[in-house]
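Trainee: Compute the structure for the input listed below.
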Amino acid sequence: MSGVAMAMPRSTADRLWRAVVAGLCGNIAHGTLMVLKERMGWLPAFQPYQDLQRVLGAALGESVQPALPWLLSFINGTLIISLAFSLIYSRLPGRSGAAKGLVLGLVGWVAMGLFLFPMLGRGPFASDMGLGPWPAAFSLAMVLAYSVFVGIAYAALDRTRSTHG
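Mentor: Sure thing, here's the model as predicted:
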């Protein structure tokens, strides 16, 4: 056992590894959907990672490598969002991990639609792109692919899930 895991109370260490593994599962589901989007040619004008790359480059005053937005998303999904999910898991509505993940995803989608897309210059829910409801619908699929799989994986790894309601 690593020194970090030994220094943390057992419940904290358990929560952390379950959150990270669940976050990895969510990232795999999200990444798979993004690869499928590219291979199938769905919404070629809707490129949120390229938009984020552009905005980061403008904010930093220099060119940003294409891998940076993907890396930030990976770290965010594997560590930050999944750990936050583990902390609020028992308070989320729903009896299954999938239902709790769905709630997380819907909240995340609204936040992304109202804050991230306007910050990227795409308007609320990417409505300024002139592509109708499709960017909003696909962003919902992106977020739910991640969040539902996080919920399913976290519940499967949570030995005390029966006490979470």
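Trainee: and residue 50, how many neighbours?
Mentor: Here the number of neighbours of residue 50 (other Cβ atoms under 10 Å) works out to 12. Glycine gets a C-beta too; all of them are placed from N, C-alpha and C.
Trainee: which stretch of helix or strand covers it?
Mentor: Element membership for residue 50 (DSSP states H and E) is helix 48-60.
Trainee: elements contacting that helix?
Mentor: Helix 48-60 sits against helix 67-75, with contacts defined as 3 or more Cβ pairs under 8 Å, 6 or more residues apart in numbering; DSSP states H and E.
Trainee: Give me the mean pLDDT for the helix or strand that the helix it packs on is followed by.
Mentor: Per DSSP H and E, the first helix or strand lying C-terminal to helix 67-75 is helix 82-88. Averaged across helix 82-88, pLDDT comes to 96.
Trainee: Show me the contact partners of helix 82-88.
Mentor: 15-16, 18-20, 22-23, 26, 100-101, 104, 147, 150-151, 154 (Cβ atoms under 8 Å, 6 or more residues apart in numbering).
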